[in-house]
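[1] Pasting the sequence and the predicted coordinates here, then a few questions.
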Amino acid sequence: TVIVVGAMITYFYKNIKYVSSNTAANAEYTKFNAFFTDDINVEENNVKTWDTQNLNYIVFSKTGNQYTFKDGGIYLNKAKICKDIDTCTFSYDDNTKNIYVDMVIQGKSFSMTYTVVK
């Protein structure tokens, strides 16, 4: 019975570590999403510029807010709003007004398409 209990405890703690990591990744993505959707929902807040080569930043015209991926974090202007980000890219389609954000947080992938409010 000691072996069975030991195996169950090991299994439990391995799964707790996975759940904690997964929850942390979801929390960071939710934080980013809260800030980003605030900008997306500002009327006529079009994309002013974005990094077309490295895809690591995007700037909005009306608010002037810039989202940048660097050093494992996402920054809103100069404030770090997310951490533990493995990769993040921002791209924009001027014809459809769609913004594409793809990120990996602690090994978990997230992809979202946002449409700028006209």
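    Happy to help now that I have it. Residues are numbered from 1 along each chain as shown.
[2] looking at this protein, which helix or strand is least sure?
    Least confident helix or strand, the chain: helix 2-40 with a mean of 70, by mean pLDDT, DSSP states H and E.
[3] and the residue positioned nearest the centre of the chain, what does it touch?
    Nearest to the geometric centre of the chain sits Y29, at 4.3 Å (C-alpha atoms, centre = their mean). By C-beta atoms under 8 Å, 6 or more residues apart in numbering, Y29 lies in contact with C82, M103, I105, F110. Backbone N, C-alpha and C define where each C-beta goes, glycine included.
[4] do the same with Y100
    By C-beta under 8 Å, 6+ apart, the residues touching Y100 are T89, F90, S91, Y92, D93, S111, M112, T113, Y114.
[5] Just checking, which helix or strand succeeds the helix or strand it falls within along the chain?
    Secondary structure from DSSP states H and E places Y100 in strand 98-105. Beyond strand 98-105 on the C-terminal side, the first helix or strand identified by DSSP H and E is strand 108-115.
[6] Can you give me the buried ones in that following strand?
    With burial defined by 16 or more other C-beta atoms under 10 Å, the residues of strand 108-115 counted as buried are F110, Y114.
[7] Could you list the residues in contact with that strand?
    With contact meaning C-beta under 8 Å, 6+ apart, strand 108-115 is reached by 21-22, 25-26, 29, 33, 36-37, 40, 96-104.
[8] Among these, the buried ones, what's the ChimeraX command?
    A single ChimeraX command selects the buried members of these (16+ other C-beta under 10 Å):
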select :25,29,33,36,99,101,103
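[9] so what's the closest residue to I40 other than its chain neighbours bridging to?
    Spatial nearest neighbour of I40, chain neighbours left out: Y114 (4.9 Å); criterion: C-beta to C-beta, 6 or more residues apart in numbering. Here Y114 shows beta-bridge partners I99, assigned using DSSP bridges.
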